[in-house]
Structures are given as C-alpha cells and as structure tokens.
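Trainee: Have a look at this prediction, sequence included:
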Amino acid sequence: MARNPEAKRRRAPPAETLSEDAVAAWLRRHPDFLAENPDLLFAMTPPDHDQGRGVVDFQRFLVDRQRRELEALKGASRELLAASRMNKATQQAVHKAVLALLSAPSFSRAITVVVEEWAGMLDADVVMMGVEAEPGRDVPGSKTGLTILAPGDVDSRLGRLQEVRVISTLDPPDPAMFGAAAGLARSVVWLRLSIHESVPPGLLAIGSREAGRFHPRQNTELLRFLASSLAVTIRAWLNLAEPQPQNLR
C-alpha cells in the first residue's frame, strides 16, 4: 500500500534529534503547522515584547484571546458530545420501558411494570402513576400501585393545560404523590396522562434523589412519548374507544 506523502511530510523528527535547533528547523520547513494545530498554542508561552511603558502588547493580547476562544470552543464541543450521548441513552431507556409495558399480559401487571420496573430502566429512583378520583371511588389498578389523587391535583402540579413540568429541586417533598418514597424524589418530572375524555386526569411522576438530576432546560420529547405510550396502553386495557375526530364542514 502506498504511503501518504503528506503524512510523511508531517512526520516529526526522530526523538534523538529533538534539540531546540531541530524543532525550530522543522517548524520553519512547515510554517503552516501551528495554523493547522492551533490547540498547541495552549502548551506554548509567547514571548513578552517590551514596547515601553504604557504601550499595549497586541501580539500577546491576540494570542491570549485566541486561547480563550479555543478553550470555549472545546468546552462547547464537550457539552454537545455529552448531550448527544445522554439523548441516545435516554432514547434506548425509553424504548426499553415502552417494550416492557407492551409486553405486560394484564392491566395490573402493566401498572406494576410502571411503578416497580421503570425507575431502574430510566436511571431514576422512583416512578409513580396517579389518577384523580373522588374519595371512596373504586379505581382500576389502585391495588397494584396506582396512586389516587384528589380532584385538581394534576393541574396543581403541572399547571393548567400544561403537559410536562420539570422541577430541578422539589421542596418540600411530595408524599401525596410518592408516598414513603418521597425522599427519593428531590428532582422530578411531571407528565400529564391524557387517557380518555371519560377518565379523570392522570399523572406520571419520575423522581431522582439527586437534586438537579432533571432541569427545566432539558429535552422532554422522549419522556412525552413515554407518557403518551402509557396513556394509549391504559386506554386499550380499559377498552375505551379512540377519540373520534370532528367532522369538518
């Protein structure tokens, strides 16, 4: 296989010849090397020019500014890469959770999957599902982990007509939603469950014991999909008809 002549031209001098004169000579033969590798400027200390008292050294100023800009660019690249990896991991976790839900052989088992298994799949500490109901009313799934909320509780947590709300640090805790696991929900995501027009409002709550684990700026699209999948599954188990589109005249 033929070698790349450009790679050969860029090859550094042998270690035994790495004297100051050898490095300087090599750089003179490759004057564009630092322009193509600006990150090396971080490892170099430019000389100070004594221009006299009160005279600004613009060369040093420009080099320092370039260093700061490169460091900021590196930081932005690291954040973008971390966000991309997190989104991929979240996507895989949500898909796994939805598949586990769809595989449940019964309605009670589906609720159990949500409140007992989803936390581990979603890298959270607690997941709860609640639905509003009048006191004393029998609600399907209430004996398998479904939390019964008072009328208006969903809007009080989410806000009227809001589908999702992320709270970086929940203070005070919410035992009405999380029960004995309220201490595990210092950071939470609330997701509205729009099951059916004949069913009271529902709420999916995902909590983490780590304050700041969830934050308002994060992308919640995948979690919305998770909540929608849960709402559709519940509607199917309860044999509720799909909402009919209105006829346009």
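Mentor: Looks like it came in fine.

Trainee: can you map out the helices along this structure?
Mentor: Per DSSP state H, the chain carries helices over the ranges 5-10, 20-29, 33-36, 58-102, 107-112, 118-121, 153-158, 175-178, 221-237.

Trainee: pLDDT on the fifth one, on average?
Mentor: In other words, helix 107-112. Averaging pLDDT along helix 107-112 gives 90.

Trainee: name the helices or strands packed onto it?
Mentor: helix 221-237 (3 or more CB pairs under 8 Å, 6 or more residues apart in numbering; DSSP states H and E). C-beta here means a position set from N, CA and C on the backbone, and glycine is covered the same way.

Trainee: returning to that earlier point: next, format the helices of the chain as CSV and append distance to Thr169 and mean neighbour count.
Mentor: Shown next, in CSV, are the helices of the chain (distance: least, CB to CB, whole Å; neighbours: other CB atoms under 10 Å):
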stretch, distance to Thr169, mean neighbour count
helix 5-10, 51, 9
helix 20-29, 53, 11
helix 33-36, 46, 11
helix 58-102, 20, 13
helix 107-112, 28, 18
helix 118-121, 19, 19
helix 153-158, 15, 17
helix 175-178, 15, 18
helix 221-237, 18, 18
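
Trainee: Would you mind stating the distance between the spatially closest residue to Arg224 that is not a sequence neighbour and Ile234?
Mentor: Excluding the flanking residues, the one nearest Arg224 by CB to CB, 6 or more residues apart in numbering is Val164, at 6.1 Å. According to CB to CB, to the nearest Å, Val164 and Ile234 sit 18 Å apart.

Trainee: With His215 instead?
Mentor: From His215 to Ile234 the distance is 28 Å (CB to CB).

Trainee: Same question for Leu122.
Mentor: From Leu122 across to Ile234, the span is 18 Å (CB to CB).
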